[in-house]
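1. any chance you could fold what I've pasted below:
(2 chains)
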Amino acid sequence: GENVEQHPSTLSVQEGDSAVIKCTYSDSASNYFPWYKQELGKRPQLIIDIRSNVGEKKDQRIAVTLNKTAKHFSLHITETQPEDSAVYFCAASGGYSTLTFGKGTMLLVSP
Amino acid sequence: EPEVTQTPSHQVTQMGQEVILRCVPISNHLYFYWYRQILGQKVEFLVSFYNNEISEKSEIFDDQFSVERPDGSNFTLKIRSTKLEDSAMYFCASSVLAEGTGELFFGEGSRLTVL
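-> Got it, this is the predicted structure:
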């Protein structure tokens, strides 16, 4: 089955800095890669996703890049704000298969 | 905005007891899921459900677990005889399309504590 590795487990940045979270996956058949944000005690919420026919996708301060050859994808957050502090999970799935999540990255943005 | 709702938000039970967690998926969604998250760990897939039957399940989803859609709105997860290691947050989710093709919407979760 699919295996998703996520790094780093914790990331501390100053407000205004950029943050990058990286994930690798094992199943070359995977073609859907969402990122979820989970605030403390809350549900995971989708913030951005990318499909394998696209190399990069942007939504305001958030971008995701995908390298299918290397089987890795990354989340980039620019101009970080304290409200970006949360746990971020990457995930991967292929076709109609279920999502496999990474272990999460706790992002701490200090004012 | 439509949401997935779950009840109870927190349940405390004794080891060996049966527990039923309830979910109301978003009304026009066709695919339903249960995930669990042990405190501080990643979200783990349990089971997916479509067209009134299980479409996929993980190794975690053993004979102690079952799911049901008893009516047109509810989707339940039953744990027959709870173990200490079942303590976790259980998330219900739903989607319009199958996973891998569309966004998954999660409920707020039901925290299960087994003593």
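
2. what mean pLDDT does stretch B:93-100 get?
-> In this model, stretch B:93-100 has an average pLDDT of 77.

3. residues touching the most centrally placed residue in chain B, list them.
-> Taking Cα atoms, centre = their mean, the centroid of chain B lies closest to residue B:34, which sits 3.0 Å from it. Residue B:34 makes contact with B:21, B:23, B:46, B:47, B:67, B:77, B:90, B:91, B:92, B:93 under the criterion Cβ atoms under 8 Å, 6 or more residues apart in numbering or on different chains. C-beta here means a position set from N, CA and C on the backbone, and glycine is covered the same way.

4. can you narrow those residues to ones near chain A?
-> Filtering the contacts of residue B:34 for proximity to chain A by Cβ under 8 Å from any Cβ of the partner chain leaves residue B:91.

5. quick check, nearest of the contacts of residue B:34 to chain A?
-> residue B:91 (6.5 Å; Cβ to the nearest Cβ).

6. chain center to the host helix or strand of that closest one: distance?
-> If you go by DSSP states H and E, residue B:91 is part of strand B:88-95. Chain-centre distance of strand B:88-95: 5 Å, with Cα atoms, centre = their mean, to the nearest Å.

7. wait, what's in contact with residue A:54?
-> residue A:66.

8. against chain B, how distant is it?
-> Separation of residue A:54 from chain B (Cβ to the nearest Cβ, to the nearest Å) stands at 15 Å.

9. in the host helix or strand of residue B:76, what's buried?
-> Taking DSSP H and E as the criterion, residue B:76 maps to strand B:75-79. Residues of strand B:75-79 classed as buried by neighbour count (16 or more other Cβ atoms under 10 Å in any protein chain shown): B:75, B:77, B:79.

10. for the residue lying closest to residue B:31 once chain neighbours are set aside, grab the count of nearby residues.
-> Leaving aside its sequence neighbours, residue B:31 sits nearest to residue B:95 (Cβ to Cβ, 6 or more residues apart in numbering or on different chains; 4.7 Å). As a burial measure, residue B:95 scores 22 neighbours (other Cβ atoms under 10 Å in any protein chain shown).

11. pretty sure residue B:95 contacts residue B:50?
-> No - Residue B:95 is beyond contact range of residue B:50, at 9.8 Å (criterion: Cβ atoms under 8 Å).

12. got any residues that touch both of these two?
-> Common neighbours of residue B:95 and residue B:50 (Cβ under 8 Å, 6+ apart) are B:30, B:31.

13. how about the residues of chain B that lie near chain A?
-> B:33, B:41-45, B:48, B:56, B:58, B:91, B:98-101, B:103-104, B:106-109.

14. shaky segments in chain B?
-> Counting by pLDDT under 70, chain B has low-confidence residues at B:98-102.

15. oops, could you answer that again for chain A instead?
-> Filtered on pLDDT under 70, chain A yields the residue ranges A:95-97.

16. which residues in it form strands?
-> Here chain A has its strands, by DSSP state E, at A:4-7, A:10-14, A:19-25, A:32-38, A:45-51, A:56-59, A:62-67, A:72-77, A:86-92, A:100-101, A:105-110.

17. go on, chain B?
-> Assigned by DSSP E, the strands in chain B fall at B:5-7, B:10-13, B:19-24, B:31-37, B:43-50, B:53-57, B:65-68, B:75-79, B:88-95, B:105-106, B:110-114.

18. if anything else comes up later, I'll come back, but that's it for now.
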